[in-house]
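Asks: build me a model from this:
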Amino acid sequence: MPQRCGITFLTDAAIDEIQKVFSLIEYANKTIDEYFGIITSFDILICRGSWEMEVQVISRKQSKFSATYDDTKSIGITDYRLEEIVIRYDIAKFGHYLHELIHGIISKSHPHQLREGLAWYFTLKLTEEYRYVRPPYPSWVNELYIYPTKRLAEIVGDDFLKDLAIGKALIQHELLPKGVQDLFLPEEVFYSKMTFYHGDGGGS
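Replies: Below you'll find the model as predicted:
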């Protein structure tokens, strides 16, 4: 399978650590390719330690709604603007690689909250038989992103949702139930509503 993305280590790493990272990325890409038929072209940056990851996160915060990071963002982030994925390899599990590489194939035309919902939905789906590799996430991620995306999947089916995720399908979201419609709102509107209902929007 071709590996179109470039992998750059931002820190020194031992040969066995480098090999482990390449193996995890290769297997995550293989899993995604078998399900979606594509892999990401985003570059992958590998760092180590909380400080290096914090620098990457802070440098990529562009606005309030794009700064809604859950706990997994201390391990992996995807920057759609720069087309880069950053992963903290010293604590990342397979599920973190899979989650960010799924982010890397989702259409950039989708609003932030829909990309988050789709990435989480398919991460959980593709690790159904291996739940121990899943990234942990707080309850508000389930409420804000995962639950409405599951509702959407129940309505349109996984095959359509897969095509929607990668930009091969369109949907008249105005016809969807209200909670599901929110996934398609402009980001500013969605996160201002979440701030109103939940206090801080869930982690900005």
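
Asks: so Asp77, which of the three states?
Replies: If you look again at residue 77, you'll see it is Ile, not Asp. strand (DSSP: H, G, I helix; E, B strand; the rest coil).

Asks: nearest residue to it in space, please, no chain neighbours.
Replies: Ranked by C-beta to C-beta, 6 or more residues apart in numbering and with sequence neighbours excluded, the top spatial neighbour of Ile77 is Val86, at 5.1 Å. For glycine as for every other residue, the C-beta is placed from the backbone atoms N, C-alpha and C.

Asks: one more: Ile38?
Replies: Distances taken as C-beta to C-beta, 6+ apart put Ile105 closest to Ile38, at 5.6 Å, once the chain neighbours are dropped.

Asks: wait, doesn't the one you found sit right on Gly167?
Replies: No. Under the criterion of C-beta atoms under 8 Å, Ile105 is not in contact with Gly167, lying 9.3 Å apart.

Asks: ramachandran angles for the residue nearest to Ile38?
Replies: The phi and psi torsions at Ile105 (degrees, to the nearest 10) take the values phi -110, psi -10.

Asks: count the neighbours of it for me.
Replies: Neighbour count for Ile105, taken as other C-beta atoms under 10 Å: 23.
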